[in-house]
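[1] the following comprises the amino acid sequence and a computationally predicted model.
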Amino acid sequence: MTHPVSLRQIKTIQVPKEKEEVEEADVTDDESKKEEEEKDDIDDIEISDDDDEEKKEEEVEMEDVTTYEYEQINTDPAIWARDKESITDEEYQEFWNVVQKDGGKAEDWTHFNAEGNINFKSILYVPSDVPLALQQGQMEQMSNGLRLYVRKVLISDEFDLMPRYLSFIKGVVDSDDLPLNVNRETLQESKIIKIIKKKLVRKAIDLIKKMSNAPMPEEEAEIDADGNVIEQPKKLHPYIEWYKKFGLSLKMGCIDDSANKDKLQKLLRFKSSKTEGEDDYTSLQEYVDRMKDWQKEIYVFPGETLKQLKESSFMDAFDERDVEVLFLTDAVDEYFIGNVREFDGKKYRDITKEGVKFSDEDEDLAKRRTKVYTEKFKPLTKFLKKLYGSDVTRVSISKRLGRAPAIVSSSEWGNSANMDRIMRAQAFAHGVAPGENAIPTGNLELNPRHPFVIKLLESIPEDEEAEIPDSVKDNAWILLDTATMSGGFPIRDPKKYAARMTRVLKSSLGVESLALADELTAEDLPEVEDEPEEPQFQMPDGMEGFDMSQFNMDDLTDLDM
């Protein structure tokens with residue numbers, strides 16, 4: 001508060017006691033002469049300084065006096081108006097508890113004075129713990145809690161000065177350029193506010209960038225009794241620990257804030273096929289620096305869990321070539337790569353979609369090989385497309401499969417299997433019943449080198465009009481079912497899938513009929529002796545009417561067992 005606030009102080013102090021003045025009496029000339037002679041005699045006597053001081057101390061008498069003083073208690077300026085070099089970390093943390101009432105501590109902060117066409121002072125804080133609303137996924141209900149002051153006069157405790165993805169940022173803003181005599185709604189549309197917002201967002205992103213680039217804190221080595229250094233477990237970088245809590249907000253920023261998406265992407269961290277351990281992450285810049293010389297795209301693999309992604313058939317070709325793939329396990333990742341599309345000039349390429357190409361081999365050789373395989377397996381692809389109908393978009397020969405006989409991929413501009421799973425899980429998904437997949441399964445890619453595919457090709461009669469055996473059809477459907485599940489898609493018709501698997505089991509086990517065996521009759525069952533009934537518990541004599549509900553176990557605590 002700029003207006004001086006004073007508090008009346010009541011103090012009791014000691015002051016010398018005032019002596020009463022003695023009235024001078026009339027004296028005669030003789031008495032005056034006598035006094036002068038005595039005075040001359042006294043002057044002739046030598047008196048030491050110590051005696052004089054002791055005499056003065058003995059002569060001074062003190063008394064208590066009550067005083068009333070007014071002391072101004074708001075002499076300290078506001079913390080954001082002070083020189084930041086004179087403010088300690090403890091003072092910043094104390095002020096954090098003022099602006100963030102939920103407790104906890106601030107992870108980091110920035111204190112700056114913006115100068116230019118618009119001047120203002122600000123302190124921005126990054127929390128170390130996720131707010132409750134953000135934990136529950138209710139980002140829309142987060143309060144954009146920045147305190148707005150105009151000439152040190154509080155306008156609002158929670159003024160909308162931050163975008164949705166930075167709603168966890170707390171702090172104060174004080175400007176001398178804003179008018180005081182307008183309402184909040186008018187102030188919200190002010191051009192000055194828009195300029196302040198832009199600068200605040202840039203400062204907040206710079207603060208997070210500073211956290212990401214901070215060196216790993218050094219810790220003193222512990223030494224045992226023998227003088228040997230005790231090996232400490234690997235510590236987690238403070239930014240990684242913070243990113244685990246707030247990474248989703250940064251990804252949302254890449255989607256919502258196109259102006260700052262390049263800066264925000266540099267702050268993201270991902271798991272990849274090259275990272276190991278729960279706390280091992282990589283940045284997009286590190287990925288680009290490790291890319292192969294021939295690699296032109298950033299390969300990403302969206303899915304549900306890391307274990308599923310690492311063991312997927314989609315990874316075979318990338319593992320063989322030692323190509324790194326980023327694993328996207330957050331639900332927002334699909335929206336992120338769909339909106340951002342590229343980083344540092346390198347486009348994101350979803351490996352579960354068609355169109356994945358490798359430039360590490362002779363392009364002319366790859367074209368000729370593909371042409372031969374396509375011509376060789378044309379009867380099989382034609383038969384399978386006719387058999388599957390609308391369950392697949394098309395059937396083609398794959399250029400990237402290793403161990404798997406087939407895989408189902410998505411079209412380049414369609415939804416991936418993971419995105420399809422997310423959309424079907426939406427609470428307000430319209431037009432899709434639970435468990436129903438309303439879109440085509442995808443593209444079936446066949447591995448021309450796999451023995452299953454080669455054997456299936458050999459099972460197709462040369463005459464297109466010839467009848468196809470049911471066993472061949474079942475094998476073809478099972479090939480699609482396994483490829484569908486490997487691709488992350490759900491089975492289109494579980495009932496038909498169960499019927500096919502029953503026929504396969506019947507054939508492999510050599511079962512001629514599925515008719516049930518006759519049930520055992522009474523003559524087939526052996527005689528069973530009656531087992532004696534367990535004796536019922538009886539109360540001891542004299543306790544037949546005892547009510548066990550009145551029994552107190554505490555009465556046994558004093559017994560000596």
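    Ah, there it is.
[2] not counting sequence-adjacent ones, nearest residue to the residue positioned nearest the centre of the chain?
    The central residue of the chain, meaning the one whose C-alpha is nearest the mean C-alpha position (CA atoms, centre = their mean), is Lys245 at 2.5 Å. Setting aside the residues directly before and after it, Lys245 is nearest to Val130 in space (CB to CB, 6 or more residues apart in numbering), at 4.7 Å. Bear in mind the C-beta positions are built from the backbone N, C-alpha and C, glycine included.
[3] picking that back up, now for the helix or strand hosting the residue nearest to the centre of the chain, which elements pack on it?
    Element membership of Lys245, judged by DSSP states H and E, is helix 238-256. Other elements packing on helix 238-256 under the criterion 3 or more CB pairs under 8 Å, 6 or more residues apart in numbering; DSSP states H and E are helix 191-213, helix 261-265, strand 269-272, helix 333-340.
[4] run through who's touching it.
    Under the contact criterion CB atoms under 8 Å, 6 or more residues apart in numbering, helix 238-256 has outside partners 107, 126, 128-130, 134, 139, 163-168, 208, 211-212, 214, 217, 260-261, 264-265, 267-269, 279, 281, 330, 332-333, 335-336, 339-340.
[5] the residue nearest to Lys245 contacts Glu107, correct?
    No - with contacts defined as CB atoms under 8 Å, Val130 does not count as touching Glu107, sitting 11.1 Å away.
[6] the more surrounded of the two?
    With other CB atoms under 10 Å as the criterion, Val130 and Glu107 differ in neighbour count, and Glu107 comes out ahead with 20 against 17.
[7] chain neighbours aside, what residue packs nearest to the more buried one?
    Beyond its immediate neighbours in the sequence, the residue positioned closest to Glu107 (CB to CB, 6+ apart) is Ser128, lying 4.0 Å away.
[8] Gly171 reaches Lys121, doesn't it?
    No - look at Gly171 against Lys121 with CB under 8 Å: they stay out of range, at 10.7 Å.
[9] ok, these two, which is more surrounded?
    The neighbour comparison of Gly171 against Lys121 (other CB under 10 Å) goes to Gly171, with 26 against 21.
[10] I'd like the distance between the more buried one and Tyr388.
    For Gly171, the distance to Tyr388 under the criterion CB to CB, to the nearest Å works out to 59 Å.
[11] show me which of the contacts of helix 238-256 are buried.
    Among the contacts of helix 238-256, those scoring as buried are 107, 126, 129-130, 134, 139, 163, 165-168, 208, 211-212, 260-261, 264-265, 267-269, 281, 333, 335-336, 340 (criterion: 16 or more other CB atoms under 10 Å).
[12] what secondary structure does Val15 sit in?
    On the three-state scheme (DSSP: H, G, I helix; E, B strand; the rest coil), Val15 is labelled strand.
[13] same check, this time on Phe314
    Three-state assignment for Phe314 (three-state DSSP): helix.
[14] which residue is the nearest non-sequential neighbour of it?
    Setting aside the residues directly before and after it, Phe314 is nearest to Ile351 in space (CB to CB, 6+ apart), at 5.2 Å.
[15] likewise for Lys376?
    Distance criterion CB to CB, 6+ apart; nearest residue to Lys376, sequence neighbours excluded, is Pro448 at 7.2 Å.
[16] that's a helix at that neighbour, yeah?
    No - when three-state DSSP is applied, Pro448 is found to be coil, with no helix at that position.
[17] quick one: the helices in the stretch 251-400 of the chain, in order.
    Along the stretch 251-400 of the chain, the segments classed as helices by DSSP state H, counting those that start in this stretch run 261-265, 284-290, 306-310, 316-321, 333-340, 363-376, 378-388.
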